[in-house]
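**Student:** test case, fold it:
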Amino acid sequence: MNATHILHAADDPGAGQFLGVDWGSFVVVLLVALAATVVIVCFYALALRLLSLGAPLDGSDERSTAPAAAATFHRPPLATVAAVVCIAICVAAVLYGIWLVIPQFH
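**Tutor:** Predicted structure coming up:
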């Protein structure tokens with residue numbers, strides 16, 4: 001392959017491309033990345049919400065009036081398990097994304 005062939009290939013972006021970029025594929029990647037980000041953030045927010053079950057509210061007087069021994073709160077075990085599962089989903093999605101980006105892992 002000579003330099004003329006390479007320059008000619010760079011000059012002709014091809015049908016349906018502007019500036020040599022396949023914009024259809026670019027939009028698909030953008031939408032998938034946006035959807036994955038929203039799903040990961042929602043799972044993380046759900047995990048935080050589940051971990052806060054049973055805790056006194058920030059603005060309430062429950063913390064100041066309760067004795068120190070009674071200040072402990074009990075979270076339902078199912079909420080704890082669900083929160084751990086949500087966080088595990090987030091961690092798995094992030095690790096999968098890192099695996100996709102770094103070619104040495106393939």
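
**Student:** contact partners for the residue positioned nearest the centre of the chain?
**Tutor:** By C-alpha atoms, centre = their mean, the chain has its centre lying nearest to residue 40, at 3.3 Å. Residues near residue 40 by C-beta atoms under 8 Å, 6 or more residues apart in numbering: 89-90, 93-94. For every residue, glycine as well, the C-beta is placed using N, CA and C.

**Student:** name the helix or strand for it, please.
**Tutor:** Per DSSP states H and E, residue 40 falls inside helix 23-51.

**Student:** from the middle of its chain, how far away would that helix be?
**Tutor:** A distance of 5 Å separates the centroid of the chain from that of helix 23-51, by C-alpha atoms, centre = their mean, to the nearest Å.

**Student:** could you pull up the mean pLDDT of that helix?
**Tutor:** Helix 23-51 comes out with an average pLDDT of 96.

**Student:** again with stretch 98-106
**Tutor:** Mean predicted confidence for stretch 98-106 is 92.

**Student:** now that stretch: buried residues?
**Tutor:** By neighbour count on 16 or more other C-beta atoms under 10 Å, the buried set for stretch 98-106 is empty.

**Student:** over to residue 80. Which of the three states is it?
**Tutor:** Classification of residue 80 using DSSP: H, G, I helix; E, B strand; the rest coil returns helix.

**Student:** give me the pLDDT for it.
**Tutor:** For residue 80, the model assigns a pLDDT of 96.

**Student:** check residue 77 too.
**Tutor:** On the pLDDT scale, residue 77 gets 93.

**Student:** got it, and residue 71?
**Tutor:** Value listed for residue 71 in the pLDDT field: 59.

**Student:** now, of the contacts of residue 40, which are buried?
**Tutor:** So, of these, 89-90, 93 end up buried under the neighbour-count rule (16+ other C-beta under 10 Å).
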